[in-house]
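Undergrad: below: sequence and its predicted model.
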Amino acid sequence: MSEAAQGADAPRALIAFKGVGKTFGAGPAAVRALAGVDLEVREGEFIAIMGPSGSGKSTAMNIIGCLDTPSAGAYLFKGVDVGRLDRRSRALVRRRFLGFVFQGFNLLARTSAAENVELPLVYRGTAPGERRRLALAALDRVGLLGREGHTPSELSGGQQQRVAIARAIVTQPAVLLADEPTGNLDTKTSHEIMRLLTDLNGQGITVIMVTHEADMAAYARRTVRFLDGRIAEDGGTREAA
């Protein structure tokens, strides 16, 4: 097969960092969090981002999630230079294409599981009946149909994280950004959550996950390691554990 034909068959880069740098502060107090990072993420990948504290992995995730912008270089999402967009346009990218899962679940304590899942749809202006239908469908995808009326205090930690994942996927995002999604869970529950993320990736959602745990990273098909604001190692695509 020719190189041109191989390029035509290859999935396109959904996310691209081109010499991305990020500096916080100025003068002698300036801290360089990212130092010219080049990175491509293709549609359908499952990537684990690893590295010690201060390595730049969280800064990279914040830029991918449109929560921050580069100080230098370019961040392209679907070919669009996100760093050149205004705040409102970046918020639209975040709302339309990205879903977020956090270590701490971030659920509203006195609100039912279904109502928590509906929140992103409220911001979109989706009609109440359609919001409820989509929320129940998302809860079904994560194995929690029947628990939609429960508040977070009535759910286990693993179930709360499943609600958080349902909330992240209810808008049908292209990318799921997971920041230490198993950090507050026991080992058995952590593996259950990772199998769920693997299933969602198999359904076509691109997953980018920050983790400190090698056994959780093993579920990903590619591991990228940050060190001192640079990519120290990019493991390439492999079979997941």
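TA: Everything's here; your move. The shown structure was predicted, so the numbers you read here are calculated from the model rather than taken from an experiment. Numbers count the residues shown, from 1 in each chain.

Undergrad: so where's this structure shaky on pLDDT?
TA: Within the chain, the segments meeting pLDDT under 70 span 1-12, 236-241.

Undergrad: what sits against the residue nearest the centre of it?
TA: When Cα atoms, centre = their mean is applied to the chain, the residue found nearest the centroid is Leu177 (0.5 Å). Remark: with contacts taken as Cβ atoms under 8 Å, 6 or more residues apart in numbering, Leu177 is in contact with 61, 64-65, 98-101, 208-209. Placement of C-beta: from N, CA and C, glycine included.

Undergrad: try Thr211
TA: When contacts are taken as Cβ under 8 Å, 6+ apart, Thr211 is in contact with 48-50, 180-182, 217.

Undergrad: taking those residues one by one, which sit in helices?
TA: With helices taken from DSSP state H, the overlap with the contacts of Thr211 comprises Ala217.

Undergrad: let's have the contacts of Thr211 in a markdown table, adding distance to Ala16.
TA: As requested, those are arranged in a markdown table below (distance: Cβ to Cβ, whole Å):
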| residue | distance to Ala16 |
| --- | --- |
| Ala48 | 19 |
| Ile49 | 15 |
| Met50 | 20 |
| Glu180 | 24 |
| Pro181 | 24 |
| Thr182 | 28 |
| Ala217 | 22 |
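
Undergrad: just the closest of the contacts of Thr211 to Glu40, please.
TA: Minimum distance to Glu40 across the contacts of Thr211 is 13.6 Å, recorded for Ile49 (Cβ to Cβ).

Undergrad: looking at the protein, which helix is longest?
TA: Ranked by residue count under DSSP H, the longest helix found in the chain is helix 187-202.

Undergrad: so which elements touch that one?
TA: strand 46-50, helix 157-169, strand 175-179, strand 206-210 (3 or more Cβ pairs under 8 Å, 6 or more residues apart in numbering; DSSP states H and E).

Undergrad: please enumerate the helices of the protein.
TA: Taking DSSP H to define them, one finds helices in the chain at 3-9, 57-64, 87-97, 113-124, 128-141, 157-169, 187-202, 214-217.

Undergrad: so which of those gets nearest Phe24?
TA: helix 57-64 (8.5 Å).

Undergrad: run through who's touching that closest one.
TA: Applying Cβ under 8 Å, 6+ apart, the external contacts of helix 57-64 come out as 15, 17, 20, 22, 33-34, 37, 39, 49-51, 68-70, 75, 175, 177, 179, 208, 210, 226.

Undergrad: picking up where we left off before, which of the contacts of Leu177 are buried?
TA: The neighbour-count test (16 or more other Cβ atoms under 10 Å) applied to these identifies 61, 64-65, 98-101, 208-209 as buried.

Undergrad: got the phi/psi numbers for the closest residue to Thr111 other than its chain neighbours?
TA: Of all residues not flanking Thr111 in the chain, Thr151 sits nearest, at 6.8 Å (Cβ to Cβ, 6 or more residues apart in numbering). Phi and psi for Thr151, reported as degrees, to the nearest 10, are phi -80, psi 160.

Undergrad: ok, Thr151 to Gly143 distance?
TA: With distances taken as Cβ to Cβ, to the nearest Å, Thr151 is found 18 Å from Gly143.

Undergrad: go on, Leu177?
TA: According to Cβ to Cβ, Leu177 and Gly143 sit 21 Å apart.

Undergrad: go on, Glu213?
TA: Using Cβ to Cβ, Glu213 is found at 22 Å from Gly143.

Undergrad: ends of stretch 45-64, how far apart?
TA: From the first residue to the last, stretch 45-64 extends over 15 Å; the measure is Cα to Cα, to the nearest Å.

Undergrad: buried set for that stretch?
TA: Using 16+ other Cβ under 10 Å as the test for burial, stretch 45-64 gives 45-51, 55-64.
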